[in-house]
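> turn this into a model:
(chains A and B)
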There are 2 protein chains.
Amino acid sequence: MTQLQNDLLLRAARREATERTPVWMMRQAGRYLPEYRAVRAKSDFLTLCKTPELAAEVTIQPVDIVGVDAAIIFSDILVVPEAMGMELLVEEGKGGPRFPDPIRTADAIAKLAVDGAADRLQYVYDALALTKTQLEGRVPLIGFAGAPWTLASYAIEGGGSKNFETIKTMMYNEPELLHTLLGKLAGVVGEYLVRQTQSGADIVQIFDTWAGAMTKDGFLEFSLPYIMQIVDYVKEHSTVPVIVFAKGANSTFPELADCGADVLGLDWTVDIGEVRAAVGNHVALQGNLDPVALYSSPESIRAEVRRILEWYGNHPGHIFNLGHGILPTVPVEHAKAMIDAVKEISMEIRAEENE
Amino acid sequence: MTQLQNDLLLRAARREATERTPVWMMRQAGRYLPEYRAVRAKSDFLTLCKTPELAAEVTIQPVDIVGVDAAIIFSDILVVPEAMGMELLVEEGKGGPRFPDPIRTADAIAKLAVDGAADRLQYVYDALALTKTQLEGRVPLIGFAGAPWTLASYAIEGGGSKNFETIKTMMYNEPELLHTLLGKLAGVVGEYLVRQTQSGADIVQIFDTWAGAMTKDGFLEFSLPYIMQIVDYVKEHSTVPVIVFAKGANSTFPELADCGADVLGLDWTVDIGEVRAAVGNHVALQGNLDPVALYSSPESIRAEVRRILEWYGNHPGHIFNLGHGILPTVPVEHAKAMIDAVKEISMEIRAEENE
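Sure, this is the predicted structure:
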């Protein structure tokens, strides 16, 4: 194993003291980078995910170009249902990925493949291994997967959804059916994440992108138990820290803080200092700049970064990030301004407090 | 003045004891009703808003058909910017209302008409007066307006928005410009709501539909002060209760509870019992069934209604509602099942507690 030259992210995730706050961005390997667009011009999205050389190339780009403190493997959460037998289509300009044959019956759920599903994601493990080698220990490598609720939303709705009518109707009318699907997804996701840690991931993140669509009660019954099952499984079979980002599940922080994860991701609508006060010191927090703030001037970006760093305060356990993925039309120099500001201002804050 | 035969809503808004929990639905005069669709088949949306006889007809429909405890005047929040001089287009199947000439400069803001704007909304006051007469005191009549932040979002973005890039960039880079626009809107909205109370509105609601797009900090600087200005103005010039529904501003309840409003609206993502415990007894709460729950079976709907009523508990000050507008494809009998369940179960709960 190559020794990591920059392990700030891992130490912050474990709530150890760091000389400055580590920073990365969700969707940092993405369209805002001309270098990414150049690779994508020659390859469609899923081919990019499934070709380890290309995935490794775009995964490492933001480390070189904007100076983030971690690389996150280029992939998509929907490769898991695909590996379980669902046809996945990602077509340009057609409103996001979709499953043309969504799952809505007991029969369709029964047919989903659990055995062997994690094996069919070998291309992700290969991409991780190759990226890990090419990173040469510069920064940690993040693996990830979607949470069962979010994966089930896509699988049942057939794609992105405004109101989540189909999955919620199943939730109310046929809760056991939905639980069966969620249980299958949780089993595969757990194994998938462990295999990622065995292939080079130093830390993993579980994305529950649609957590905020539910009632608190619904989240506690249909999402959190499956997240906990996955966290338990990863903890049992690896030593890596786990980040849980349940976007919008903001009335559930007390419960989330006890889910076994090392780090909770926050969207931009909450005050990170208030959340820290509410959940105490037993989890680290990741976030939470409004992605749209990156359209403002570098001076405004710097002021917003300072505000969040000061709200969090000089405590261990903060990983700076956006509150959602970086938007495709953000100027690269604005992303860079944010990252530089996090590095500089967090060092200043540490120095002031130590005077 | 006709004496109200059913004033449950007004008493609940003032946190007085009621024999059962009052219930209404946002967008209750809307597409889920065949009777509404019949009227709309003969008239476009804005004509309907601007023709008092038609507006009164659809406003009263849900009182007759589903038995809600209040009528809310049929209108749209965007008539205010229109009255200030902006061209408003509402075209079928074109993704919601839009302003083809959005406001993005100091010059455009300077040209917005404040003087006389409330006068140009006479058709709303006429619709209220006519509805009030036709209601014959059966239930209270609700007036409403959009909050300045939400109106400014539409005016600046030119329509609905996913990320609110233009208004937020103005917020970060030219905050004073945005404050100027918000101040103008607040002045007109205040006068507009007072005129509504003088024309028959027994209570008014301020809709801040896009409150949840902002950081907490942004909400406290760019939305809440203008809401408070409006609430103050309404309180100074009328005696009606005020409901504030800042959708998604869920980390701001303590501040919202002190904004001067009588009632806070809640979306479905929060536990109404926890919010009540957090904000104490000095505001009433309105909400908060997930609108999508109305797609489930009448039995499931009844169970969800019971859960919310029990969470709130046998305290005064609950107005039952959905956490957002009723969706256009909900079966009418499901809406009716919800309303009947609220009436029956809340009486049961009162009776049990008094045994």
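> under the pLDDT cut-off, which ranges of the stretch 1-150 of chain A? List them.
Within the stretch 1-150 of chain A, the ranges that satisfy pLDDT under 70 run A:1.
> quick one, helices of it?
Shown for the stretch 1-150 of chain A, the helices assigned by DSSP state H, counting those that start in this stretch span residues A:8-13, A:34-40, A:45-50, A:52-65, A:79-83, A:106-111, A:122-135, A:148-157.
> most packed of the ones you listed?
Here the criterion is mean neighbour count by mean count of other CB atoms under 10 Å in any protein chain shown, and of these the winner is helix A:148-157, at a mean of 27. Every residue, glycine included, has its C-beta placed from N, CA and C.
> so which bits of chain A are right by chain B?
Where proximity means CB under 8 Å from any CB of the partner chain, the interface of chain A facing chain B comprises A:163-165, A:168-169, A:172-173, A:212, A:214-218, A:248-251, A:268-271, A:274, A:290-293, A:295-297, A:300, A:304, A:307, A:327.
> any stretches of the stretch 251-355 of chain A with poor pLDDT?
When residues are selected by pLDDT under 70, those of the stretch 251-355 of chain A lie in A:354-355.
> and the residue in it that chain B sits nearest to, how many neighbours does it have?
Residue nearest to chain B within the stretch 251-355 of chain A: A:Ser296 (3.3 Å; CB to the nearest CB). With neighbours defined by other CB atoms under 10 Å in any protein chain shown, the count for A:Ser296 comes to 23.
> still on that earlier bit, helices - which of the residues of chain A next to chain B land there?
A:165, A:168-169, A:172-173, A:216-218, A:274, A:300, A:304, A:307 (DSSP state H).
> ChimeraX command to pick out the buried ones of these?
Applying 16 or more other CB atoms under 10 Å in any protein chain shown to these leaves a buried subset, and the ChimeraX line that selects it is:
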select /A:165,168,169,172,216,217,218,300,304,307
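> pick out the most distant pair among the ones in helices among the residues of chain A next to chain B.
Within those, two members stand farthest from each other by CB to CB: A:Asn173 and A:Ser300, at 47.7 Å.
> please save the CA atoms from stretch A:189-202 in CSV.
Once non-C-alpha atoms are left out, stretch A:189-202 reads as follows in CSV (Å, rounded to 0.1, in the frame of the first residue of the first chain):
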residue,chain,number,x,y,z
VAL,A,189,-25.2,-2.2,-2.0
GLY,A,190,-23.5,-3.5,1.2
GLU,A,191,-21.5,-6.1,-0.7
TYR,A,192,-20.8,-3.6,-3.5
LEU,A,193,-19.3,-1.0,-1.1
VAL,A,194,-17.2,-3.6,0.7
ARG,A,195,-15.8,-4.8,-2.7
GLN,A,196,-15.0,-1.1,-3.4
THR,A,197,-13.0,-0.9,-0.2
GLN,A,198,-11.1,-4.0,-1.2
SER,A,199,-10.3,-2.4,-4.6
GLY,A,200,-8.8,0.8,-3.3
ALA,A,201,-11.6,3.0,-1.8
ASP,A,202,-10.3,4.7,1.4
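> just the buried positions in that stretch, please.
Applying a neighbour-count criterion of 16+ other CB under 10 Å, one finds A:189-197, A:199-202 buried in stretch A:189-202.
> stretch A:314-327 now?
Residues of stretch A:314-327 classed as buried by neighbour count (16+ other CB under 10 Å): A:314, A:317-327.
> pull it out as CSV, backbone CA atoms only.
C-alpha atoms of stretch A:314-327 as CSV (Å, rounded to 0.1, in the frame of the first residue of the first chain):
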residue,chain,number,x,y,z
ASN,A,314,-12.5,25.4,15.2
HIS,A,315,-13.6,21.9,16.1
PRO,A,316,-12.4,18.7,14.5
GLY,A,317,-14.6,16.8,12.1
HIS,A,318,-15.5,19.2,9.2
ILE,A,319,-15.2,18.1,5.6
PHE,A,320,-16.0,21.1,3.3
ASN,A,321,-18.2,20.4,0.3
LEU,A,322,-21.1,21.8,-1.6
GLY,A,323,-24.6,21.0,-0.4
HIS,A,324,-25.3,19.2,-3.7
GLY,A,325,-23.4,18.4,-6.9
ILE,A,326,-21.4,21.2,-8.7
LEU,A,327,-23.5,22.6,-11.5
